[in-house]
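> Take a look and give me a structure for this.
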Amino acid sequence: MDTPTIFNLFLLVSAIHGFAFSIILFCSKNGREKSMIYLNLLILAISLNNIQSWALEKHLFQHKFFLDYLQIPWHFLAMPFLYMFLVNYLNLAEKSIKILKFILPIFVVIVVTQISFVYNYSDSPSSKENLDFIYERYTSFEEMFSLIVSLSIFIYSFYILYKKEKLFPKILSYDNLKWIHTFFKLTSVGYTLWILALVIKVKMNFTGFLISYYPLRIYTTILIYWLGYQGLRQIRILKERKQIRKSLQINLNGEIDVETKNLSKREAFSETNKYKEQFNEIDDFIKENKKYLLTKYTLQNLSEDTNLSSSTLSLIVNQVYGKSFTDYLNEMRVEQAKALLLDPEYSSYTITSIGLESGFNSKSTFYTVFKKHSGNTPVEFKNTHTQITSNKLQ
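Numbering: from 1, shown residues only. Next up is the predicted model:
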């Protein structure tokens, strides 16, 4: 098969995949979250753009100039839908610009304008080559406008994500947003490909330029579908983490529930006994307030909570516990994870949700630390105990 045939096949398969994914997403229990609805609309917009490109390449609209050339600019809606997904996922919808109120009317105007343009030229006596040139030049200006609007929304969305963290502390307590940060970085590559394709189109005088769009369409399609899968996965993890935290009645808002500041100094004891006494108070404080479930709880944080210096606290933990402060916290996190893994209430929850709600900052860290402290991966641990329980019941 030649390159155009392979590319057209990719457009068709990706469009069918997108439509199927949208149906599955909408029918899923997490698919009707407002943020996921906009993510679904983003995937639909890209799928419609791909199926339209495939149909035009296959000349399925061959009937006069009107149908042969009319192209709905679905790509114009992609970034606005991404923006709406972002502000809803971050719980900023009420404080953010209602961008669709402006974008949707503009989209309708663009479509009506294009129809009017095509209609006016439908009975033109000009040759087909001349009509091709006129239409491609027109759509290029339309595309430039779409690029400018899309890039502006992208930059503003980027600004919200990187500069407005203080506005969404609640979501950050459940999700570090690394996957969204990665998406934005990868999207910048997509814009580079778009600008490059448009420049080539103009340089080639609007003829024979189609191949310049192949990398862009393949890249953006894969990227958007990756975002869809990630979004669905992260929504599930987020809801599971909320449920775990709620059922365990954990307060991780930084509030100290027990009066444990100003640990008393016990001069009457020997140095060793003093360390043991202080360690017991530290241990009680951390366990009662579940500080080990905070992914970024450090000796500096503990110092602020206890009015003891970081170096003193490190010395106390090392002298009495015999391990570093990090290992001390990780052992409690592993025990928390074991309890959740064996709890029937969370049997259908993802391993990632359980690991993150046990205080680990990523799935990979959870697996590494869990195996270090228990000798097994979380999956192996869960399967082993499930098998033991099953054998006892038989």
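> does Val13 count as helix, strand or coil?
helix (DSSP: H, G, I helix; E, B strand; the rest coil).
> Can you find the helix or strand in this structure with the smallest mean pLDDT?
Every helix and strand in the chain was compared by mean pLDDT, DSSP states H and E; the lowest is helix 64-69, with a mean of 51.
> Would you tell me what the next helix or strand after that one is?
The C-terminal neighbour of helix 64-69 among helices and strands, as given by DSSP states H and E, is helix 75-89.
> For that following helix, give the mean pLDDT please.
Per-region confidence: helix 75-89 scores 93 on mean pLDDT.
> List the buried residues of the lengthiest helix in the chain.
Ranked by residue count under DSSP state H, the longest helix found in the chain is helix 128-163. By 16 or more other C-beta atoms under 10 Å, the buried positions in helix 128-163 come out as 131-132, 134-136, 138-139, 142-143, 146-147, 149-150, 153-154, 157-158, 160-161. (Glycine included, C-beta is placed from N, CA and C.)
> could you say what helices and strands that helix packs with?
The contact analysis (3 or more C-beta pairs under 8 Å, 6 or more residues apart in numbering; DSSP states H and E) places helix 128-163 against helix 64-69, helix 75-89, helix 100-121, helix 178-203.
> Pull the distance from that helix to the chain's centre.
In terms of C-alpha atoms, centre = their mean, to the nearest Å, the centre of helix 128-163 is set 25 Å apart from its chain centre.
> Kindly calculate the angle that it makes with helix 178-203.
For helix 128-163 against helix 178-203, the angle between stretch directions is 150 degrees (axes from the mean of the first three to the mean of the last three C-alpha atoms, to 10 degrees).
> what's the angle from helix 128-163 to helix 100-121?
170 degrees.
> Compute the inter-axis angle for helix 128-163 and helix 75-89.
Using the same axes, to 10 degrees, helix 128-163 lies at 10 degrees relative to helix 75-89.
> Can you name the next helix or strand after helix 128-163?
Counting by DSSP H and E, the next helix or strand C-terminal to helix 128-163 is helix 169-172.
> And that next one, how far out from the chain middle?
The answer for helix 169-172 is 14 Å, by C-alpha atoms, centre = their mean.
> Quick check: buried residues in it?
Quick answer for helix 169-172 (16+ other C-beta under 10 Å): Ile171.
> contacts for that helix?
The contact list for helix 169-172 (C-beta atoms under 8 Å, 6 or more residues apart in numbering) reads 89-91, 165, 177, 238.
> And stretch 145-158, by the same measure?
Contact with stretch 145-158 is made by 73, 75-76, 78-80, 82-83, 86, 99, 103, 106, 110, 184, 187, 191, 194-195, 198, as judged by C-beta under 8 Å, 6+ apart.
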